[in-house]
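> Return atomic coordinates for the entry below.
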Amino acid sequence: MDEPLKAIDQVSTTAIDLAIRFGPRVLVAILILIAGVLAGRWAGRVTLRALARFHLDPPVRSLVEKIVRVFVLALFGIMALQNLGVELLPLIAGLGVAGAGIALAMQGVLGNIVAGLTIIFTRPYRVGDFISIQKEEGEVLDVSLFSTVLGHPDLSRVVIPNRKIVGEILHNYGKLRQLDVEVGVAYDTDMSAALRAVEETVRANPRVLQDPKPVIGVARLAPSQVAIAVKPWVKVPDYAAAGAELQQAILQSFRSRNIVIPFPQREVRMLPA
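Below you'll find the predicted structure:
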């Protein structure tokens, strides 16, 4: 009966001794970490206010703010470890070995981060631009370290990992797109009248921008018709609607002016055997 009591007494004595020796250090370390979190938040807010005057993109400001917060917290974390008497050199060496293993296991994630940093700082596109890449297209809704989110014209969202973007051919339309409408008229049509009708129809559409100036002219001489190219610029959200409206309006204008849109024709001759 005495031996269990002695063991319990010894454990209690050891616990009290450890609490007296290391309790204040642990408490101070916790307070240092809490101060680090608060200082990191404060430094992040100050950084955002300082970056506001440089007109940087939101992803860049967010990234710099996060880096500052992590850096400040890391400094306070080192101070807390030193207060606990932890030897930092062996710890750093161990973290280096563990970091190498983690890097091998997370190559895809790290590749996305590196690609995200490249995109954020080189800025091949910005939020609000309409881009086409990897057979996908849409308006850029968000750019983060890991991925880029596109708003597709069918109202869905396309999430592309950043490593799939860097190094690929990227088509950035910006905030404008050029329509590519083609209409055919018969060869005996008065081309001046047809082009004038198309120009009036294009100018009457409120979605069409007058600057840049719309491109209208004869595109090619097809086998059964003269093809007229109609290429005005519109804002990205108006692209689909403007194309449909223009084609309907041009058709109605041609009908009211008796301008013929010919059907494809082929002449077949039967040769004697």
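> Tell me who's in contact with Pro223.
Residues counted as contacts of Pro223 (C-beta atoms under 8 Å, 6 or more residues apart in numbering) are Pro264. Backbone N, C-alpha and C define where each C-beta goes, glycine included.
> if we go to 6 Å?
By C-beta atoms under 6 Å, 6 or more residues apart in numbering, no residues touch Pro223.
> ok so it is a helix residue?
No - assigned with DSSP: H, G, I helix; E, B strand; the rest coil, Pro223 falls outside any helix and is coil.
> what helix or strand does Glu182 sit in?
For Glu182, the enclosing helix or strand under DSSP states H and E is strand 181-185.
> pLDDT score for Leu195?
At Leu195, the pLDDT value in this model is 92.
> wait, is it part of a helix?
Yes - counting by three-state DSSP, Leu195 is found in a helix.
> now the residue nearest to it when sequence neighbours are not counted: how far from Lys231?
Computed as C-beta to C-beta, 6 or more residues apart in numbering, the closest residue to Leu195 that is not its neighbour in sequence is Ile216, at 6.3 Å. The spacing between Ile216 and Lys231, counted by C-beta to C-beta, to the nearest Å, is 7 Å.
> Trp233 touches Arg177, doesn't it?
No - assessed by C-beta atoms under 6 Å, Trp233 is found out of contact with Arg177, at 7.1 Å.
> quick one, what contacts Val183?
By C-beta under 6 Å, 6+ apart, the neighbours of Val183 are 228, 250.
> so for the strand holding Glu182, what's the average pLDDT?
90.
> Could you do stretch 236-253 as well?
Taken as a whole, stretch 236-253 has an average pLDDT of 91.
> Now do the SS call for Asn258.
coil.
> where does this structure have its least confident helix or strand?
None of the helices or strands of the chain scores lower by mean pLDDT, DSSP states H and E than helix 88-105, at a mean of 57.
> For the helix or strand following it, buried residues please.
Where DSSP H and E defines the elements, the next helix or strand beyond helix 88-105 is helix 107-122. Buried residues in helix 107-122, counting neighbours by 16 or more other C-beta atoms under 10 Å, are found at 111-113, 115-116, 118-120.
> I'd like to know which elements helix 107-122 is packed against.
If contacts are counted by 3 or more C-beta pairs under 6 Å, 6 or more residues apart in numbering; DSSP states H and E, helix 107-122 sits against helix 58-83.
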